[in-house]
Structure formats: C-alpha cells, structure tokens
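>>> pasting the structure only:
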C-alpha cells in the first residue's frame, strides 16, 4: 500500500467491501447531480421541453453529465488527498480518510468518463463535443488550473454554463445570447460567493483551504460577485424582454424579473455573510428563496407555455 493509500493517522476500523462501496458512492457526490438539471434550461426557455422526442435526449444529457461529474470528483479527491487531510472538513472525505484507495478511485473515474462520452453519442455528436470540452476543462482544473487565480473561478463557472449549452446541443434547440450570458454570469456569481465563503472559513479556522485563495482578497471576491450579480440581472432583463417579443408581447416574462431580482438579492445576503460555500445547501435551507424560485419559474411557464 502506498503512502497515499492511508491517512496520516491509522483508521479506527479496517476497510470492508461495503465500507469502500459506500465511500465510492459518497465520493461520486450524487447530491451534486442536481446541478445537471441545467440541461433542461434551454428547452424549457424555448418552449420545447415537452416536444416529442425531446425527453429521451435530455435524459441522455443528464445521465452523461452525471457520470462525467462523478468521474471528475473521484479524480479530484484522489489528486488532492494530501491537501484534503489538512482541511478542517475535507479530511473526512472517503479518500482523504483512507476509506477508498486513490488507485481504485482513479480506475473507476476512467470507466465513468469513458461511459459518459459513449452515452452522449446517443444524443448526437454536438453533445459529445460539449461533454468532451467539459471533461477536458475539468481535468485541467484538477491538475493545474485550480491553483491559478481568476482562472480557477472561471473554470468552475464554465461547468455550469456548459451544462446549459448541453441542453441545446442534445436537442438542437438554438440558444439565446442573453440566455447564455445570464447562465455564465449567474455561474460566476455563485462561484465567487463560494470562494468568499472559503476565505471566511480560512480566516476563522486558520486552515489552508486552497492555494489559489492566497492570491485573492476578500474585497476582490466581493467585487467579482457584485459585478457578476449586476451583469446577471441586466442580461436576464434583456432575455425577459426578448421572450416577450418572441411570445407575442406576453407580460409574464417581464413580471418574472421581479422574483428573479429579489432572489438574487436574497442569495447575496448569504454570500455577504460568508455562507455561500454550498449553493445547494442555501437553496434547500432558505424557504423564502424557495418561494421566490417557484414564483419565478411559474411566471416563466406562463410566459412560454400559455
């Protein structure tokens, strides 16, 4: 067994097949698959979500991105095993804790990535290209770009954007320029908030969270998420007016601006407080934000499907 196969302190209990299987599943982060619902965004906004033949294509895109993302998580945790053991919370991850051997994680990751690329072909070459770009960019992030300031947050944000693009690629639905800009700056807004929360955690615990944070200041990260939020709201408003024109001057897309802007401002409260480390946890724990999201989606449904 190599030095990277066991943690700094010996495990209290030996590895068991069931324990390793559970550790692998945890490292694959199935909770994060919820991000892949972004593949539905383009067909939904284009009014084609329930069109014949769209469902299977979107299911393939969702499954392919889920497999690819899990493969990337396995590689990332195997590559970061030493740094994770010095992290106040990441040291409990299965690979860092010595539950899952890094070599096993990498082997499974290769199978998952190959399976994801093969699966994407069922929806066509455009989806394969988008997924291939996602995998290459994320692998570059794992082995190098995560340590490059500015590039690291842009790469993470691109993962969300590529998911949104994948929905259009899988179904052949053209993407609005305002939709793409909204998706891009929305992603950057959340990622900058995540980095800001990590910086706050590092200041509180004294732990070294990630190398790239050494090149950031709290004021810079606040500037990035404030700039991203501003651009996000502006581009979304332009997209909403574009929908109104495309749907024969329906007013609902314009009304959707109200809950959308309030939701962005509400989320910004958590970011400003340094609590934006896990966006999905904020969304699941804030009832007001959930009501705003449902209201926003409802107005878009009325704008596009009525």
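That came through fine. The model shown is predicted, which means the values in this text are computed figures rather than measured ones.
>>> Show me what counts as buried in whichever strand or helix holds residue 114.
If you go by DSSP states H and E, residue 114 is part of helix 102-120. Within helix 102-120, the residues that count as buried by 16 or more other CB atoms under 10 Å are 102, 104-106, 108-109, 112-113, 116-117, 119-120. Placement of C-beta: from N, CA and C, glycine included.
>>> do the same with stretch 230-237
Buried positions in stretch 230-237, judged by neighbour count with 16+ other CB under 10 Å: 231-233, 235-237.
>>> Closest one of those residues to residue 126?
When the buried residues of stretch 230-237 are ranked by distance to residue 126 (CB to CB), residue 235 comes first, at 23.8 Å.
>>> If we ignore the residues flanking it in sequence, what's nearest that closest one?
Nearest residue to residue 235 in three dimensions, chain neighbours excluded: residue 181, at 4.1 Å (CB to CB, 6 or more residues apart in numbering).
>>> so that neighbour is in which element?
Here residue 181 is assigned to helix 177-205, by DSSP H and E.
>>> outside of the helix or strand of the chain with the lowest mean pLDDT, which residues touch it?
Lowest mean confidence among the helices and strands of the chain (mean pLDDT, DSSP states H and E): helix 279-285, at a mean of 71. Outside helix 279-285, the residues that touch it by CB atoms under 8 Å, 6 or more residues apart in numbering are 31-32, 34-35, 190, 193-194, 267, 270, 275-276, 289-290, 293.
>>> In helices, which of those residues fall?
190, 193-194, 267, 270, 289-290, 293 (DSSP state H).
>>> of these, closest to residue 242?
Looking at those and their distance to residue 242, the nearest is residue 293, at 21.3 Å (CB to CB).
>>> what's the closest non-adjacent residue to the closest one?
Using CB to CB, 6+ apart, the closest residue to residue 293 is residue 263 (6.2 Å).
>>> Now do the helix or strand harbouring that neighbour: everything it contacts.
For residue 263, the element it lies in under DSSP H and E is helix 257-272. Helix 257-272 has contacts (CB under 8 Å, 6+ apart) with 189, 192-193, 196-197, 222, 225, 229, 232-233, 236-237, 240, 276, 282, 286, 288-289, 292-293, 295-296, 299.
>>> pLDDT below threshold where in the protein?
Residue ranges of the chain with pLDDT under 70: 1-14, 205-212, 247-249, 274-280.
>>> Quickly list the domain ranges of it.
14-174, 176-306 (automatic domain parsing).
>>> Mind listing what's buried along the helix or strand hosting residue 239?
In the assignment (DSSP H and E), residue 239 maps to helix 218-246. Across helix 218-246, burial judged by 16+ other CB under 10 Å covers 221-222, 224-225, 228-229, 231-233, 235-240, 242-244, 246.
>>> That helix vs helix 257-272, what angle?
170 degrees (axes from the mean of the first three to the mean of the last three CA atoms, to 10 degrees).
>>> which helices and strands does the helix holding residue 114 pack with?
Applying 3 or more CB pairs under 8 Å, 6 or more residues apart in numbering; DSSP states H and E, one finds that helix 102-120 contacts helix 17-27, helix 54-79, helix 125-143.
>>> so how far is it from its chain's centroid?
Distance, stretch centre to chain centre, for helix 102-120: 19 Å (CA atoms, centre = their mean, to the nearest Å).
>>> Okay then, goodbye and thanks.
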